[in-house]
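[1] sequence first, then the predicted structure, then my questions.
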Amino acid sequence: MADHAEDLALLLDAARKAGAIAMRYFRQNPEVWMKSGQSPVSEADYAVDTFLRETLTAARPDYGWLSEETADSEARLSARRTFVVDPIDGTRGFLEGSNSWCVSLAVVEEGRSIAAVLDCPARGEIFEAMPGKGARKNGIAIGVRRPGVELEMGGPKPFFDALPEEWRERIRRVPHIPSLAYRLALIAEGRLDATFVKPNAHDWDIAAADLILREAGGLILDANGTPPSYGGAVTSHGTLVAGSGDLLAAISGLIAAAER
């Protein structure tokens, strides 16, 4: 079986090529359909998904496959490792012409990501990580920032409205970022302090960004203070929070209290 570095190299090469495919459709008015829940999917999503599925499964035929744009199969549950893929994370933003979207790729083993890439071609940014080797953006090491008195956070407004007053006074909610994976990468890079994640994020939304954030010194936690597990039979998650240090512990405690 390939080592972590070999899997990361495979993801990096595939992500760059997938990003180039997506860019052919970006701001070119691609055809769009609506999935259940009124979530859009475009011909760009499908083109990238097809390329990645064919390329990655050919390179690692014994790995499972889990993608937002491919019908799921229980066959993946018998694989030791699984590709977890979002061909275009932030499709709404992509279709609106925002450059904050990315190709999200991870290899998952025993519930944890062991290689991860976020390729954000419209911004010329590539994030990567593997366990114990740190996180990088365009080849340069990145890390979370030390929270100050004033905090910058992302996430849905209702979460902020439910915070105690002393927290609301400290926090500035940043404008909406269409891609959840990219929002998490901004925490890893030290450009945001934390974010709330509304319920029903899926493995493909966060598996790659999770490892990048973890290697940068942060974490994603649920309301019980537990990191998400990936690649299992259930691929969706409840309310999550991402950040680092004492701030993360405090915020995860707040969402736990809110959910009781």
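    Thanks, I have the structure now.

[2] what does the longest helix belonging to the chain rub up against?
    Identified as the longest helix of the chain according to DSSP state H is helix 4-25. For helix 4-25, contacts defined as CB atoms under 8 Å, 6 or more residues apart in numbering pick out 2, 42-44, 47-48, 51-52, 55-56, 59-60, 81, 87-88, 94, 101-103, 105-107, 114-122, 126, 128, 130-131, 133. Quick note: C-beta positions are derived from backbone N, CA and C, even for glycine.

[3] tell me which of those residues fall in helices.
    For the contacts of helix 4-25, secondary structure assignment (DSSP H) places 43, 44, 47, 48, 51, 52, 55, 56, 59, 94 in helices.

[4] show me what contacts the third one?
    Going back to what we said before, that points to residue 47. Applying CB under 8 Å, 6+ apart, we find residue 47 in contact with 21, 22, 25.

[5] the second one too?
    With contacts taken as CB under 8 Å, 6+ apart, residue 44 has the following neighbours: 21, 22, 24, 25, 26, 30, 87, 88, 94.

[6] distance of it from residue 116?
    Distance of residue 44 to residue 116, computed by CB to CB, to the nearest Å: 22 Å.

[7] and for residue 214?
    Applying CB to CB to residue 214 and residue 116 gives a distance of 9 Å.

[8] the two: who's more crowded?
    Neighbour totals were compared for residue 214 and residue 116, and residue 116 leads with 31 against 21 (other CB atoms under 10 Å).

[9] show me what contacts the more buried one?
    Residue 116 sits next to 8, 11, 105-107, 127-130, 207-212 when contact means CB under 8 Å, 6+ apart.

[10] which one (most neighbours) among those residues?
    Comparing the contacts of residue 116 by number of neighbours (other CB under 10 Å), residue 208 comes first, having 36 neighbours.

[11] can I get the host helix or strand of it as PDB, trimmed to CA atoms?
    Assigned by DSSP states H and E, residue 208 belongs to helix 203-215. Coordinates of the C-alpha atoms in helix 203-215 are reproduced here as PDB (Å, rounded to 0.1, in the frame of the first residue of the first chain):
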ATOM      1  CA  ASP A 203     -17.300  14.200   4.800                       C
ATOM      2  CA  TRP A 204     -16.500  15.600   1.300                       C
ATOM      3  CA  ASP A 205     -16.900  19.100   2.600                       C
ATOM      4  CA  ILE A 206     -14.400  18.900   5.500                       C
ATOM      5  CA  ALA A 207     -12.200  15.700   5.400                       C
ATOM      6  CA  ALA A 208      -9.400  17.400   3.500                       C
ATOM      7  CA  ALA A 209      -9.600  20.800   5.300                       C
ATOM      8  CA  ASP A 210      -9.700  18.900   8.600                       C
ATOM      9  CA  LEU A 211      -6.200  17.500   8.200                       C
ATOM     10  CA  ILE A 212      -4.900  20.800   6.900                       C
ATOM     11  CA  LEU A 213      -6.300  22.600   9.900                       C
ATOM     12  CA  ARG A 214      -5.000  19.900  12.300                       C
ATOM     13  CA  GLU A 215      -1.500  20.100  10.900                       C
END
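
[12] appreciated, that's everything.
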